[in-house]
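> next come a sequence and a model predicted from it.
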Amino acid sequence: MNGVLGLLLLLLSAASTYVRPVVTKECDSINMFGGMCLGVRGRSTPLPSALEECQVTDTDIAFLLDGSGSVAGYEFTTMKNFVVNLIQTLQKKTNNIQFAVSQYSSGCDIHMNFNEFSRAYNWASSVRNIRQQQGGTMTAAAISKLVGQLFVSSAGARPNANKILIVITDGESEDGSNLPSAIARADAKKIIRYAIGVGNAFDSYRARQELDKIASSPAKDYVFKVSNFGALSKILSTLEENIIAIEGIAWLHSIHGRVRPITRCQESPWREDVSLGILPLTDV
């Protein structure tokens, strides 16, 4: 046991000379240095020659919940609980993310902008107490409002932060013809968008195409479809991992002299001939 502990201390000490500590985060491996998960896998070999950069970026995440009349009351409650659970999970991983919560139907209400969320005494209760609007489904108008009124400095959005919008909806919009212009405005602000479609409405080709339009490209990486609101919990861990991966990239040299990007705390196809389980990736 003493020999194993000594090896771990030696490896972590060596790692700290290559990675500048920036932020401490919870990690599934043995420790975190500068935002990168380090863990021993396979036999020990020398560390990579250099870690060029290790930076952690801020991230602003806004949730846009479908409060239209087609969503049953208990389903709206399930959706709010999903949002609370995802936020709590992310808060355990990092302190670089801030949140905002909005709802839309015929209109769009920003219940908590980034400033209000950070100041909330009990934000989870505030989210759970959001009352459902019950109206139409004006998705494009809602996205446009968030781009212009939420992802702005006056609402607490940070100019250099990653911007993420998570849209949860149970059906097609009533203003689909306005989606291209709304998405263009979101793209202009570099807002990364996840689209979560709930229910059998998205069995139709047209509805699936609309989800693809709402989401960032490629759609396969940013679109989720679940059969019902109860199934939202099944995508929580995947969505969490994707968001953490967006939060930053660590650039490093492999032992073969090639520079590779590795996302933080994300499982990668590790090779056994590399120490600490941090590289290399397959060639890209």
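On my side now, so go ahead.

> make it CA atoms for all contacts and neighbour counts henceforth
OK.

> show residues contacting stretch 183-195.
140, 143-144, 147, 162-169, 211-216, 222-224 (C-alpha atoms under 8 Å, 6 or more residues apart in numbering).

> for that stretch, measure first residue to last.
Stretch 183-195 stretches 12 Å from its first residue to its last (C-alpha to C-alpha, to the nearest Å).

> what's the answer for stretch 158-174, then?
Stretch 158-174 stretches 32 Å from its first residue to its last (C-alpha to C-alpha).

> show residues contacting that stretch.
Applying C-alpha under 8 Å, 6+ apart, the contact partners of stretch 158-174 are 57-66, 70-71, 136-140, 151-153, 190-199, 201-202, 207, 210, 246-247.

> I'd like the average pLDDT over that stretch.
What stretch 158-174 shows for mean pLDDT is 95.

> which positions within that stretch qualify as buried?
The neighbour-count check on stretch 158-174 (16 or more other C-alpha atoms under 10 Å) flags 158, 161-173 as buried.

> check stretch 202-219 too.
By neighbour count on 16+ other C-alpha under 10 Å, the buried set for stretch 202-219 is 202, 207, 208, 210, 211, 212, 213, 214, 215, 216, 219.

> make sure the fifth one is indeed in a strand.
No - read with DSSP: H, G, I helix; E, B strand; the rest coil, residue 211 is helix and lies in no strand.

> could you pull out the strands for this protein?
For the chain, the strands defined by DSSP state E cover 31-33, 36-38, 53-54, 59-66, 97-104, 108-112, 162-169, 191-198, 223-226, 249-253, 259-263.

> looking at the buried residues of stretch 158-174, which is nearest residue 118?
Among these, residue 158 lies closest to residue 118 (C-alpha to C-alpha), at 12.9 Å.

> with that, I have no additional questions.
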